Structure formats: C-alpha cells, structure tokens
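A.B. asks: From the sequence below, what's the structure:
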Amino acid sequence: MILIEREVGGDYRDEVSKALVKAGCLYSLAWGIDCAAWDDSVDWAFLAAYDFGKYPENKFVMTTWHDDETLEEVVEFSKHCADNSNIKLEDILVLDFSHHERSQLIEKLYLAA
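C.D. replies: Residues are numbered from 1 along each chain as shown. The predicted structure follows:
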C-alpha cells in the first residue's frame, strides 16, 4: 500500500517501484497525490524486470490506484479486496509518503477494517 500525501520526485518513485518489484511485491495499491503515476511506475518496473517479454504467472504484480477514495476506504480495500489470483497474499507493506508520522493511525484503521 503506497500512500502519498506529499510530492515525490519521478526518479525516486521509479527507484521505489523497481525495488518493490525486485523484492517480490505482488500487489501494489496507490492512494493520494499522483497515485496513477505510481500505478504506472510499478507497471513499467514490472515489465522492465522481464525485458517487456514473458514473465512467470506467479510473479505478476497487480496494480490499482485509488484517487477518489478516503484513506479509510483504501485501507479497508487493501485488507479485504486486494487479491492476486496466482498466490495468497499474506504480508502488507505500507509506504507512507506523508509530512508527519502516522503509523499508529494506519495500523488502527487496518485492524478496524
């Protein structure tokens, strides 16, 4: 889950996207400022990782962006709707690009969802 509430440069966004794909990310959910650009960046990083050719089905990265939803709705979506039909998703990583610390808020929202 990528939460963006402050500007993030395109080069840094692309580096983070590459790192996510390299680390084995299977579902990327982006919310906030330029969330569609984050969605595209992860898509391009995935395609580039396989030289824009064939890739193993169990490595496919599903991407979604959520520009018209609240933070609460996005956290609930990530818990109950994020799905990769090729493999069971068991872990969640939250990248929170915010001006202030809010990990406790996000954890509270996730547990309440």
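
A.B. asks: Now Phe39: closest residue in space that isn't a chain neighbour?
C.D. replies: For residue 39 the amino acid is Asp, not Phe. Trp65 (4.0 Å; CB to CB, 6 or more residues apart in numbering). Heads up, the C-betas are built off the backbone N, CA and C, glycines and all.

A.B. asks: The one you found bridge partners, please.
C.D. replies: Note on Trp65: beta-bridge partners Ala30, judged by DSSP bridges.

A.B. asks: next one: Phe97
C.D. replies: Beta-bridge partners, per DSSP bridges, of Phe97: Ile4.

A.B. asks: The residue nearest to Asp39 is in contact with Trp38, isn't it?
C.D. replies: Yes. Assessed by CB atoms under 8 Å, Trp65 is found in contact with Trp38 at 6.7 Å.

A.B. asks: and stretch 98-113, which residues are buried?
C.D. replies: If you call a residue buried by 16 or more other CB atoms under 10 Å, then stretch 98-113 has these buried ones: 102, 106, 109.
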